[in-house]
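A.B. asks: No sequence on hand, only this structure:
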């Protein structure tokens with residue numbers, strides 16, 4: 001009978017050794033996965049900033065053609081500022097992304113497009129109007145696609161304050177101008193907005209953020225924690241930066257959305 005040399009015998013893992021290997025793999029995974037998630041979100045953050053900068057160009061081109069920039073929502077724009085009897089300036093209830101479409105690679109978009117939510121769901125994901133960190137399944141209408149615009153337009157907002165009507169800023173957004181803004185480097189134009197239970201074509205007000213945003217997701221017009229506990233902010237001068245939520249809460253001026 002032939003005997004196999006002990007050194008050449010098949011070596012099998014014991015149960016204890018196998019458990020040790022599994023434990024080591026689990027520990028390594030727990031250390032690596034957060035870093036990978038952070039790296040992925042950082043990539044989304046950078047891509048989102050790039051999208052916002054392209055929209056800054058679109059706003060500038062639009063103003064060059066029309067003399068003003070589009071409102072966040074055209075349904076409340078009247079032919080004469082602060083005069084509801086003058087009739088609506090726009091015939092359809094478009095949002096700023098409809099009007100900027102032709103300046104951002106979508107020549108078929110205009111103030112009348114799209115009114116059908118199905119068109120939004122099929123054509124908006126992956127465009128410069130959206131945020132890579134905002135799930136495609138949440139893009140359900142022209143009122144929720146992950147990017148929101150300020151309602152505090154100039155020179156209209158200053159005129160509303162003079163009339164004692166600044167609380168109606170959402171109602172009179174007519175004919176805002178990039179060039180009419182004081183300190184454009186500090187005034188917010190676009191930011192992350194919307195969520196699982198919230199629309200976000202506009203950024204709401206500071207009241208909506210400080211008292212409701214964390215307690216009630218349906219108030220998340222301005223999503224200040226989307227990107228690594230911050231938000232990507234596009235300012236009226238065209239620059240875009242990621243700002244931590246603590247600075248937004250502490251330093252944002254509710255009277256006009258200035259961040260100084």
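C.D. replies: Happy to help now that I have it. Please read these numbers as outputs of a predicted model, since none were measured by experiment.
A.B. asks: quick one: average confidence on the helix or strand containing residue 51?
C.D. replies: In the assignment (DSSP states H and E), residue 51 maps to helix 15-66. Per-residue pLDDT over helix 15-66 has a mean of 86.
A.B. asks: shaky segments in the protein?
C.D. replies: 1-11, 13, 32, 35-36, 113-115, 206, 209-215, 217 (pLDDT under 70).
A.B. asks: can you give me the helices for it?
C.D. replies: Remark: helices assigned in the chain by DSSP state H are 15-66, 96-100, 117-123, 156-162, 206-212, 245-251.
A.B. asks: Out of the ones you listed, which one sits most buried?
C.D. replies: Comparing the helices of the chain on average neighbours per residue, with mean count of other CB atoms under 10 Å, the densest one is helix 96-100 at a mean of 25. The C-beta positions use only the backbone N, C-alpha and C, and glycine is treated the same way.
A.B. asks: so how far is the helix holding residue 51 from its chain's centroid?
C.D. replies: On the basis of CA atoms, centre = their mean, to the nearest Å, helix 15-66 sits 16 Å off its chain's mean C-alpha point.
A.B. asks: what's the spacing between the residue sitting nearest the centre point of the chain and residue 170?
C.D. replies: Nearest to the mean C-alpha position of the chain, counting by CA atoms, centre = their mean, stands residue 192 at 2.3 Å. Separation of residue 192 from residue 170 (CB to CB, to the nearest Å): 19 Å.
A.B. asks: Also residue 18?
C.D. replies: 63 Å.
A.B. asks: Same check on residue 79?
C.D. replies: 18 Å.
A.B. asks: can you give me the strands in the stretch 51-200 of the chain?
C.D. replies: With DSSP state E, counting those that start in this stretch, the ranges of strands along the stretch 51-200 of the chain come out as 78-80, 83-88, 147-149, 188-192.
A.B. asks: among those, which is nearest residue 97?
C.D. replies: strand 147-149 (7.6 Å; CB to CB).
A.B. asks: for the closest one, packing partners?
C.D. replies: helix 15-66, strand 188-192 (3 or more CB pairs under 8 Å, 6 or more residues apart in numbering; DSSP states H and E).
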